[in-house]
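Visitor: dropping a prediction and its sequence here:
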Amino acid sequence: MDVAELRRRIPAEVPGLLRFARSLTRDPQQAEDLVQDTVARALERAGGFRGESSLATWLHRILHHLAVDASRRRHEVPSDDLGDRVEALWRDDAYTVDAAEVVTRAETRAELEDALIRLPVIYRAAVVLHDVEGFTVAEIAELVGVALPAAKQRLRRGRMMLVSALAAGADRRAGLDGVPLVCWDARRHVSDYLDGRLDADLAGRLERHLAGCPTCPPLYASLVGVLGALGRSGTTRRDPDSVVPDILVRAISGRSRATDTS
């Protein structure tokens, strides 16, 4: 396909690509970057698309490979290790979950997204492509470049992982009852918070999360400490907006002391 024709047809595929990217990463900016990188890569390789598969499949393949490469750069836990672990868990006759709890959590968008993001990207992609986007297993095998049995295994394991992640979510959230924001949503906004770039509503919810979360304060304390060390080590002009709010300092200090004595 020539570049001009590809440019004409790509806009119709962008909504599906963005939906897929958002399922692979909960960070909206990362999802948009994935789509932009996918389009750029596709235009670079326009001559390589000869219509053996649909344009949607070809573009999803590019996006999938980019997402897998990104996960490897982040040094995520090897997918095969986690896959073996979850299958071993499901082979145990004594293993079970609270079905009502799992279904209730699956019907809550935030909880479902929180569970999905805990799946390694290759399994997450298989579940999203098949159960959300409607691709067949054969199409998924072609898309990700694996044999049909491997695609079937990824889908099976991905579904198992999702159920287990939803079941475990009750324990993760037990200590966060009434606390706004899930941890990742709070953590991805902290940089803007430290620089005073969040609106009042989101900043307030992040502060309430910090006050009640048992795991986030040490991470914030580390960020604050590193920022302080960087500031002391250099002579460059500091951004006047990069001031750590007093409420954050007090919350971090209190939570950090509690962590140190536990």
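Guide: Looks like it came in fine.

Visitor: for the stretch 101-250 of the chain, which spans come out with low pLDDT?
Guide: 170-177, 231-250 (pLDDT under 70).

Visitor: against which helices or strands is whichever strand or helix holds Arg72 packed?
Guide: In this structure, Arg72 is located in helix 55-73 according to DSSP states H and E. Helix 55-73 is packed against helix 3-24, helix 28-44, helix 121-127, helix 137-144, with contacts defined by 3 or more Cβ pairs under 8 Å, 6 or more residues apart in numbering; DSSP states H and E. C-beta: built from backbone N, CA, C; applies to glycine.

Visitor: tell me which of the ones you listed sits nearest to Glu207.
Guide: helix 28-44 (21.7 Å; Cβ to Cβ).

Visitor: buried ones in the closest one?
Guide: The neighbour-count check on helix 28-44 (16 or more other Cβ atoms under 10 Å) flags Gln30, Ala31, Leu34, Val35, Asp37, Thr38, Val39, Ala42 as buried.

Visitor: test my guess that the fifth one contacts His65.
Guide: Right, Asp37. No - using Cβ atoms under 8 Å, Asp37 makes no contact with His65, being 10.4 Å away.

Visitor: OK, contacts around Arg118?
Guide: Arg118 makes contact with Met161, Ala165 under the criterion Cβ atoms under 8 Å, 6 or more residues apart in numbering.

Visitor: tell me the secondary structure of it, please.
Guide: In three-state terms, and counting by DSSP: H, G, I helix; E, B strand; the rest coil, Arg118 is coil.

Visitor: got the phi and psi for it?
Guide: Torsion angles at Arg118 (phi, psi; degrees, to the nearest 10) stand at phi -90, psi -10.

Visitor: from Ala165, how far out is it?
Guide: Distance from Arg118 to Ala165, counting by Cβ to Cβ, to the nearest Å: 5 Å.

Visitor: hang on, Met161 packs against Ile122?
Guide: No - in this structure Met161 lies outside contact range of Ile122 using Cβ under 8 Å: 10.9 Å.

Visitor: so between those two, which is more surrounded?
Guide: More crowded of Met161 and Ile122, by other Cβ atoms under 10 Å: Met161, with 25 against 22.

Visitor: returning to that earlier point: what do Met161 and Ile122 both touch?
Guide: With Cβ under 8 Å, 6+ apart, Met161 and Ile122 have no common neighbours.
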